[in-house]
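**Q** sequence-free structure coming up:
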């Protein structure tokens, strides 16, 4: 018996606002059932003696050190802007709010 029904797949599709066909409902129900069964098998493993980890292998920080260096002054940053006002970038209003 499948662990996810066709109706549940249709409900999930509606929630995700996905347009799915009748054939896709059957296909997705079968695919999701396989996925849920695989997850259930993983959940059955005896992992009480395995310590929790965030990664399978140790990681080291590969980022460079932060180096302080001069940046653009306000006038330099605004020099390439199509429009500026009161020392800030001026952009078109996209909402009808004030």
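**A** Thanks, I have it. Remember, it's a predicted structure, so these values are computed and weren't measured experimentally.

**Q** and residue 36, that one's in a helix?
**A** Yes - counting by DSSP: H, G, I helix; E, B strand; the rest coil, residue 36 falls inside a helix.

**Q** I'd assumed residue 9 was in contact with it.
**A** No - Residue 36 is beyond contact range of residue 9, at 11.5 Å (criterion: C-beta atoms under 8 Å). Glycine gets a C-beta too; all of them are placed from N, C-alpha and C.

**Q** between those two, who's got more neighbours?
**A** Shown here are residue 36 and residue 9; by other C-beta atoms under 10 Å, residue 9 has more neighbours (23 against 13).

**Q** Hmm, that one is touching residue 31, no?
**A** No - assessed by C-beta under 8 Å, residue 9 is found out of contact with residue 31, at 9.3 Å.

**Q** where exactly do the helices run in this protein?
**A** Ranges of helices in the chain, per DSSP state H, are 6-15, 22-43, 74-79.
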